[in-house]
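> Sequence and predicted structure, then a few things I'm wondering about:
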Number of protein chains: 2
Amino acid sequence: MTDTAPHRGDRFDIAAPHRELLDQVLDKWSLAVLNELCERPARFSELRRAIPAVTQKSLTATLRRLERNGIVERVVLGTRPVAVEYRITALGKTLRPPVDIILNWIEAYLPSIEDARRRFDEAMDDEDGFGR
Amino acid sequence: MTDTAPHRGDRFDIAAPHRELLDQVLDKWSLAVLNELCERPARFSELRRAIPAVTQKSLTATLRRLERNGIVERVVLGTRPVAVEYRITALGKTLRPPVDIILNWIEAYLPSIEDARRRFDEAMDDEDGFGR
DNA sequence: CAGAATCCTATTAGATACTG
DNA sequence: CAGTATCTAATAGGATTCTG
């Protein structure tokens, strides 16, 4: 369902698999999870505590997706009170530098961008009601 | 609505503005638009032709968002049969290197990731029905 | 040409309850 | 503990129609 699933006009979009991967790896919760797992392996419940805003459902989905893409590894520890640990893989670690670079870009330019937003929003207010 | 809009459990998520910006700048169509505008300014209809899969509604929304964030600039050319040109801004250009770096990462590791997906999907087929 | 407005559907994601 | 299952609310996005 995920791969090779062009949903209509996509045959001209050569970058479609790239976009898809980008979405799967930089999606809403993946970065937070990656950030945790880059420091140390963590259990499911530890991740929930580390990322309070994520729901269990979304966390499960995020981990599955990352696991499927070979970015994280799911390790069943004991079978008694079932324990599962998530670890970043070697492949996952290669993701760190590029991600850090965008995060640094954001860090650097967020103020400029917030300025731009303010200017835009004020300009909208001025010619309010109609305009544009 | 966009900035400083914590939608419930987000008060602990210090990276929220970062995530939001990431979503606005690397979203589904933004990269395609950026890619076009980095080469040359383009008119609305040119962008539609260059990115056949985008609808007019989504393209409009994408351009507005990029404009609001100061990434692209909207220039009204003539007022007769109205002509509008979109250009990348200086701020927008700074986005190029980091984006290229992730795209290069994708280019480099997509095969490994597709392998991982295959392994994952096959493992799922094996313990089919139950398991996990 | 460059959109705005409207309608409508599909996918996402939250809340909630339950289980090996 | 580490999830699965279900239901529902919100949202994104496509198709279509209309306009300065």
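All right, it came through fine.
> Tell me where chain A has strands.
Along chain A, the segments classed as strands by DSSP state E run A:42-43, A:72-76, A:84-88.
> now for the helix ranked longest in chain A, which elements pack on it?
The longest helix of chain A (DSSP state H) is helix A:96-126. Counting contacts by 3 or more CB pairs under 8 Å, 6 or more residues apart in numbering or on different chains; DSSP states H and E, helix A:96-126 is packed against helix A:30-39, helix B:16-25, helix B:56-68, helix B:90-93, helix B:96-126. To be clear about C-beta, it is placed using only N, CA and C from the backbone, and glycine gets the same treatment.
> Make CSV from the strands of chain A and add mean neighbour count, distance to DNA strand D and mean pLDDT to it.
Converted to CSV, these look like this (neighbours: other CB atoms under 10 Å in any protein chain shown; distance: least, CB to the nearest atom of the strand, whole Å; pLDDT from 0 to 100):
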stretch, mean neighbour count, distance to DNA strand D, mean pLDDT
strand A:42-43, 16, 3, 97
strand A:72-76, 16, 6, 97
strand A:84-88, 17, 4, 97
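> To A:Leu110, which of the ones you listed lies closest?
Each of these has some distance to A:Leu110 by CB to CB; the shortest is strand A:84-88, at 26.4 Å.
> The closest one versus helix A:56-68: what angle between them?
If you take axes from the mean of the first three to the mean of the last three CA atoms, to 10 degrees, strand A:84-88 sits at 50 degrees to helix A:56-68.
> Okay, domains of chain A per the record?
Listed by automatic domain parsing, the domain ranges of chain A are A:15-89, A:95-132.
> In CSV: these, plus distance to B:Leu31.
As requested, the domains of chain A are exported to CSV (distance: least, CB to CB, whole Å):
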stretch, distance to B:Leu31
domain A:15-89, 7
domain A:95-132, 12
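> worst average pLDDT in those?
Looking at the domains of chain A, the lowest mean pLDDT belongs to domain A:95-132 (a mean of 86).
> Which positions within that one qualify as buried?
Going by neighbour count (16 or more other CB atoms under 10 Å in any protein chain shown), the buried part of domain A:95-132 is A:95, A:98-99, A:101-103, A:105-106, A:109, A:113, A:116-117, A:120.
> from the middle of its chain, how far away would that domain be?
20 Å (CA atoms, centre = their mean, to the nearest Å).
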